[in-house]
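>>> Pasted the sequence and its predicted model underneath.
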Amino acid sequence: MNVAERVQASIRAVNAAERDAVVAGAFTLYRSPASDHPYLNYAVPNAEAGGWDRIDALREAFAAHGLRPRLEFVAECAPGLEEALAADGFELQGRYPVMTLPAEALREVPAPDGVVIARILAGGEPAGAAFRSAVAEGVSELGGIGVRERFRRRGIAAALTAAAAADAVADGAQLCFLTPGDGGAERVYARAGFARAGTTVVHMVG
C-alpha cells in the first residue's frame, strides 16, 4: 500500500467510526446521524474499486437520505473517477495537495521565545491552535492549524504543526497527513517536515 492509499484507508476508517456507512456500488456514503451538512456527509470510493459505471447507485443513496451528492477522495487512488463524475454531471469543488510526514521523518520545530506549546491552556494569552485525529490504520490527520493575526510570522504555526505530529507519533501513528489551503500554508508545513504525496479532490452535484 503506497502513501496515498494509506491516507485514503485512514479516512475510510475514521469515517466508519464516526458515521453510518451506506454502501452504494463502488462507493460508500458516510452519513452523519446528527447533521445533513454536506461537509459531514460525503462518499469515498471503496478500496480496490476500479469501475465507475454505477454512479447512479451513488446518487440514489444520497437521495434516499435527502442529501446532496458529494465525494471527497485522494485522486491518485481512483484513476478515471474524476472523468466519470464530470460526465455524470458532478462539478469539481476543490483540489488540495495532500502532504504527509512519516514518523521517522519527524522534526522538532522549537516555539519562539515566550510561546509555550501545550495540550491545554495554562494561563497566558492563546496565540493559536491545532488538532489531530485519532490514529486509524496507523495514520493521523492534522487540521485546524491557525494562529491569531497579531501573533503571525513568528514561526508559531510550524511549531504547532510539529508538536501535533509528535503527539500523533507518540500515540502510535506511523504517518501523519494534512491538506494545506494555500501555498503559504504549504510552506509552513514543509518546515515541519511535511511533503506533497497526493491530491485530495472534492466533487459535488451543482
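Okay, I see it.
>>> going forward, measure contacts between C-alpha atoms and count neighbours the same way
Will do.
>>> neighbours around Gly146, how many?
Gly146 has 18 neighbouring residues, counting by other CA atoms under 10 Å.
>>> cool, Gly138 as well?
Using other CA under 10 Å: Gly138 sits among 18 other residues.
>>> so where does the nearest residue to Ala4 once chain neighbours are set aside fall, helix or strand?
Excluding the flanking residues, the one nearest Ala4 by CA to CA, 6 or more residues apart in numbering is Gly198, at 6.0 Å. Gly198 is located in strand 195-205, with elements delineated by DSSP states H and E.
>>> ok, that strand: who's next to it in the sheet?
Taking DSSP bridges as the criterion, strand 195-205 forms sheet pairs with strand 70-74 (antiparallel), strand 90-102 (antiparallel).
>>> Output stretch 176-191 as PDB, restricted to C-alpha atoms.
Provided in PDB are the C-alpha atoms of stretch 176-191 (Å, rounded to 0.1, in the frame of the first residue of the first chain):
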ATOM      1  CA  CYS A 176       0.700  12.000   9.500                       C
ATOM      2  CA  PHE A 177      -1.100  13.900   6.800                       C
ATOM      3  CA  LEU A 178      -2.700  17.300   6.200                       C
ATOM      4  CA  THR A 179      -4.200  19.400   3.400                       C
ATOM      5  CA  PRO A 180      -2.900  22.900   3.100                       C
ATOM      6  CA  GLY A 181      -5.300  25.600   1.900                       C
ATOM      7  CA  ASP A 182      -2.800  27.600   0.000                       C
ATOM      8  CA  GLY A 183       0.900  28.000  -0.900                       C
ATOM      9  CA  GLY A 184       1.700  29.900   2.300                       C
ATOM     10  CA  ALA A 185       0.400  27.100   4.500                       C
ATOM     11  CA  GLU A 186       2.200  24.500   2.400                       C
ATOM     12  CA  ARG A 187       5.500  26.300   3.000                       C
ATOM     13  CA  VAL A 188       4.800  26.400   6.800                       C
ATOM     14  CA  TYR A 189       4.000  22.700   6.900                       C
ATOM     15  CA  ALA A 190       7.200  21.900   4.900                       C
ATOM     16  CA  ARG A 191       9.200  23.500   7.700                       C
END
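>>> begin at 42 from here
That works, and once the first residue is 42, the last one we named lands at stretch 217-232.
>>> Residues contacting that stretch, please?
Stretch 217-232 has contacts (CA atoms under 8 Å, 6 or more residues apart in numbering) with 48, 137-144, 150, 180-184, 198-199, 202, 206, 209-210, 235-236, 241.
>>> Sounds good, over and out.
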